[in-house]
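Visitor: when you get a sec, could you give me coordinates for this:
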Amino acid sequence: MDWGVLAWVTGGVLVVAMLYAAVGHAGASGYIAVMTLAGWAPNVVKPTALMLNLLVAALATWQFAPYFEWRRFWPFALLALPLAFVGGYLTVPPEVFRRLVGGVLWASAVRIWLPRPTAAPVALPPLGLALPGGAGIGLLSGLTGTGGGIFLTPLLLFARWAETKTASAVSAAFILGNSLSGLLGYVASAAPLPPFVWPLFVAALVGGWLGAHVGSRYLSARGVEYALSVVLLIAGGKLLFG
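Guide: Here you go, the predicted structure:
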């Protein structure tokens, strides 16, 4: 292990964890970007990102717990969790999906900054859309080593299925379940887990706690949306050009 590279990756994980946790996300797409730039192999990047995701998603779920609503969570999670396991088990590179989703994330980021009409009332997600939507997000999250919140949060907000902090709370729990399921699928495929690199977990712990604490208590709903737009731009850029 090159200790200079490890130090650079550790600093990147700290910053990513803070930024993503502030909006109820765990940061897998950011961790993947940092580790890929460092030249780490895919068989190290994917499980490491999922393990870091578990830690930060647990912190974000705890910090955003007052805003969590079960009725907005389970329709997406019901099919997402088993399909995240399937995605974690498979090793098919989802290149086409990465390009398409990257474009969607960038469009979502730009949409946050545009003037908006009077907000429509928030409604519960219809099962006919939430079930297949969750299934697709779960499969994609398992394939890519992410938790899926980067896709779920914009969907909840722009479809008016949740207020901002409720969307963050639902996404945090969604990421936690998907990351665990995807990691179990990876293990079930008999692929080796990378050796634990403890500085990354310390950095994720510190950054995740700080970000989730600030995002859940001190950022306004609009502030969380602006922070989310930065996250979307970073993740979309990674998917499009990574």
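Visitor: if we look at the helix or strand encompassing residue 140, which residues are touching it?
Guide: Following DSSP states H and E, one finds residue 140 within helix 127-144. Outside helix 127-144, the residues that touch it by CB atoms under 8 Å, 6 or more residues apart in numbering are 28-29, 32, 46, 75-90, 92, 94, 97-98, 101, 146-148, 151-152, 155, 159, 161, 178-179, 181-182, 185. (Glycine included, C-beta is placed from N, CA and C.)
Visitor: at 6 Å what do you get?
Guide: Defining contact as CB atoms under 6 Å, 6 or more residues apart in numbering, one finds that helix 127-144 is touched by 75-76, 79-80, 83-84, 87-88, 94, 97, 147-148, 151-152, 178, 182, 185.
Visitor: buried sites along it?
Guide: Neighbour counts over helix 127-144 (16 or more other CB atoms under 10 Å) mark 130-131, 133-144 as buried.
Visitor: could I get the residues you listed in JSON lines, plus columns for pLDDT and distance to residue 64?
Guide: Shown next, in JSON lines, are the buried residues of helix 127-144 (pLDDT from 0 to 100; distance: CB to CB, whole Å):
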{"residue": "130", "pLDDT": "96", "distance to residue 64": "20"}
{"residue": "131", "pLDDT": "96", "distance to residue 64": "24"}
{"residue": "133", "pLDDT": "94", "distance to residue 64": "21"}
{"residue": "134", "pLDDT": "95", "distance to residue 64": "19"}
{"residue": "135", "pLDDT": "95", "distance to residue 64": "24"}
{"residue": "136", "pLDDT": "91", "distance to residue 64": "24"}
{"residue": "137", "pLDDT": "91", "distance to residue 64": "19"}
{"residue": "138", "pLDDT": "92", "distance to residue 64": "20"}
{"residue": "139", "pLDDT": "89", "distance to residue 64": "25"}
{"residue": "140", "pLDDT": "81", "distance to residue 64": "23"}
{"residue": "141", "pLDDT": "82", "distance to residue 64": "19"}
{"residue": "142", "pLDDT": "82", "distance to residue 64": "23"}
{"residue": "143", "pLDDT": "78", "distance to residue 64": "26"}
{"residue": "144", "pLDDT": "73", "distance to residue 64": "23"}
